[in-house]
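**Student:** Build me a model:
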Amino acid sequence: MGALAVLTLATAAPAPASAVADPVQWAVLGDSYAAGIFVGQPSPPLGSADRDGCDRTTGSYPQLVARALAADPPAGREVKLTDVSCGGATIAEIATTGQTPISPLQPPAGGWPSLAPQADRAQLSAGTEVVTISVGGNSLPFGRMLASCLLAGVGRPDQAAPCRDAYEAGGSSLDPESIHDKYDRITREYTAMLRAVQQKAPNAKIITVGYPTVVPEDPSICDRQDTTELAAPIQGIGTASATHGDIAWLHEVGTRLNEIIQGVTEASGGQYVDTATSTVGHDGCRPRGVKWVEGVCGQAGSYWPDALRFGLLTVECSSGNRVTLVHPNAGGHAKAATQVEAAIRAALT
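**Tutor:** Residues are numbered from 1 along each chain as shown. Prediction:
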């Protein structure tokens with residue numbers, strides 16, 4: 001009788017509550033295309049002692065994805081975001097080299113202090129489950145190549161391609177490395193970077209995010225005098241614009257960079273997110289409201305400068321525009337967010 005009572009009580013006792021799963025550790029590494037720089041509000045806010053000069057914003061695609069995952073957790077698990085993306089980051093600065101940020105917003109006296117490699121700042125470890133990476137453009141560097149093409153195009157006919165010809169032959173006056181050497185170097189650097197990230201986060205799903213279509217395949221749609229497209233208003237020079245021949249070539253450069261990122265990623269067992277195909281027709285030469293990439297000058301938060309100095313040149317935008325330098329706007333980040341969110345959900349299931 002006593003034994004039966006004990007058995008009955010044991011059977012009727014409620015089962016212990018199931019353990020709550022640990023949050024998914026997600027690290028975001030990358031450059032300005034991940035950080036956001038002028039989309040949304042600065043994060044940390046302007047004036048905060050936590051600012052590091054990396055120009056991350058509340059409207060960036062990592063932040064949009066984080067909010068979507070919080071509203072609908074994948075497999076019922078909370079996702080903890082660690083975002084150390086930083087404007088101006090190169091491939092080497094992801095895992096092996098420190099970076100000195102270049103933000104023009106409220107820099108401290110003496111400039112921004114140097115930061116450790118992003119993989120170290122994100123504290124990648126065996127517990128990291130997802131790593132997304134957006135990097136590569138600054139290692140070409142695409143910005144310097146665009147500047148070379150803008151200056152080379154002054155006074156040249158549309159059909160000419162002086163910038164392409166210089167890079168195919170061995171580099172430009174601003175950038176002495178040939179395009180062929182650039183592609184080879186980028187391939188080596190990206191391979192080494194992914195290997196280093198995998199070593200630091202051996203159990204993580206690695207997701208790389210390619211670049212959107214920033215330059216159209218058909219250059220004839222670009223107005224060479226429109227600074228909200230690919231023309232640059234330069235102090236003391238006037239409007240500098242790439243020829244249509246060089247614009248077509250820059251599109252090829254962007255395509256080749258994405259091909260390298262995809263090839264290296266898939267060879268290493270990672271997953272590649274193609275944002276170029278999904279943004280065709282929304283490049284920097286489209287009308288406002290259609291473009292998902294701002295031109296040299298464009299729409300940005302009021303905190304973002306309308307004039308920036310690059311070496312000996314100063315880009316000055318007017319008519320309420322800011323110096324956006326062919327970066328994604330809110331529409332571009334929203335589109336990237338849908339694709340990256342889907343990739344993360346798939347990785348976690």
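**Student:** contacts and neighbour counts: CA atoms only from here.
**Tutor:** OK.
**Student:** Residue for residue, what is the longest helix this protein has?
**Tutor:** If each helix of the chain is counted by residues according to DSSP state H, the longest one is helix 244-267.
**Student:** Show residues contacting that one.
**Tutor:** By Cα atoms under 8 Å, 6 or more residues apart in numbering, the surrounding residues in contact with helix 244-267 are 136-137, 146, 149, 158-164, 183, 186-187, 190-191, 194, 208, 210-211, 213-220, 222, 271-272.
**Student:** go again using 7 Å as the cut-off
**Tutor:** 149, 158-161, 163-164, 187, 191, 208, 210-211, 215-220, 271-272 (Cα atoms under 7 Å, 6 or more residues apart in numbering).
**Student:** Then stretch 73-83?
**Tutor:** Here stretch 73-83 has contacts from 21, 23-29, 66, 69-70, 122, 345, using Cα under 7 Å, 6+ apart.
**Student:** among those, who's most crowded?
**Tutor:** Leu29 (29 neighbours; other Cα atoms under 10 Å).
**Student:** Okay, it and Pro287: tell me how far apart.
**Tutor:** Distance of Leu29 to Pro287, computed by Cα to Cα, to the nearest Å: 31 Å.
**Student:** Please apply the same query to Gly331.
**Tutor:** Using Cα to Cα, we find Gly331 at a distance of 13 Å from Pro287.
**Student:** Compare the two (neighbour count), which wins?
**Tutor:** Gly331 (19 against 13).
**Student:** Look up the pLDDT of that one for me, please.
**Tutor:** At Gly331, the model reports a pLDDT of 98.
**Student:** Ser173 too?
**Tutor:** 80.
**Student:** List phi and psi for the closest residue to Thr96 other than its chain neighbours.
**Tutor:** Nearest residue to Thr96 in three dimensions, chain neighbours excluded: Pro117, at 5.8 Å (Cα to Cα, 6 or more residues apart in numbering). Taking degrees, to the nearest 10, you get phi -50, psi 150 for the backbone angles of Pro117.
**Student:** gap between Pro117 and Thr90?
**Tutor:** From Pro117 to Thr90 the distance is 10 Å (Cα to Cα).
**Student:** The two: which is more packed in?
**Tutor:** Ranked by neighbour count (other Cα under 10 Å), Pro117 and Thr90 place Thr90 first, with 23 against 19.
**Student:** List the contacts of the more buried one.
**Tutor:** So Thr90 contacts Val135, Gly136, Asn138, Ser139 (Cα under 7 Å, 6+ apart).
**Student:** Could you check how far the first one is from Ile207?
**Tutor:** It refers to Val135. For Val135 relative to Ile207 (Cα to Cα), the value is 12 Å.
**Student:** what do you get for the second one?
**Tutor:** Noted for Gly136: a distance of 14 Å to Ile207, by Cα to Cα.
**Student:** And for the third one?
**Tutor:** The spacing between Asn138 and Ile207, counted by Cα to Cα, is 19 Å.
**Student:** higher neighbour count, these two?
**Tutor:** More neighbours surround Ile207 than the other of Asn138 and Ile207, with 23 against 16 (other Cα under 10 Å).
**Student:** Am I right that that one sits in a strand?
**Tutor:** Yes - if the criterion is DSSP: H, G, I helix; E, B strand; the rest coil, then Ile207 is within a strand.
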